[in-house]
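[1] Next comes the sequence, and after it the predicted model I'd like to discuss.
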Amino acid sequence: MMRTAASYAARSLLAVSLLAWAGFFVNLVHAREPARGDAAATVVVADLSPEGQRTYALILRGGPFSHDKDGVVFGNRERLLPRKRRGYYREYTVDTPGADNRGARRIVCGGLRPAAPDGCWYSNDHYASFKKIVQ
């Protein structure tokens, strides 16, 4: 009987330890969520760089855009933005001063009408994270 009680105690301790580790990892994941485009991670239009503000204004005007890929469908393969059907999101380049290519900064907007998006998100790290653009 003593052996069974010790065995039960060891299994209970193991279960409690596993639950504690699971809680740690859940908290770690939730701590990262705002950087992934969650509504809690936002950027005010006025706080965008001048290039970001220009790109955002061009999006709302419908262009013209300076890069061929501006306005193309963004696939959301990283699954960091809310899941929508293919074709919902479009991407736009935010110029980086001094860069000789498109750089890493983008604005991705979603909606049925590109010039009147349902929402837009800013990424300064080529889609590794997003902040929702708010007025």
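    Looks like it came in fine. Numbers count the residues shown, from 1 in each chain.
[2] Contacts for stretch 116-125 next, please.
    37, 43, 48, 52, 56, 59-60, 81, 94, 104-112, 129-133 (Cβ atoms under 8 Å, 6 or more residues apart in numbering). For the C-beta atoms, the positions are set from N, CA and C on the backbone; glycine is no exception.
[3] Give the buried subset of the residues you listed as a ChimeraX selection command.
    In ChimeraX, a selection of the buried entries from the contacts of stretch 116-125 looks like this (16 or more other Cβ atoms under 10 Å):
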select :37,43,48,52,56,59,81,94,105,106,107,108,109,110,129,130,131,132,133
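[4] Among the contacts of stretch 116-125, name the ones in strands.
    With DSSP state E as the criterion, strands contain 43, 106-110, 131-133 from among those.
[5] Taking these together, which two end up most distant?
    The most widely separated members of the ones in strands among the contacts of stretch 116-125 are V43 and G110, with 16.1 Å between them, by Cβ to Cβ.
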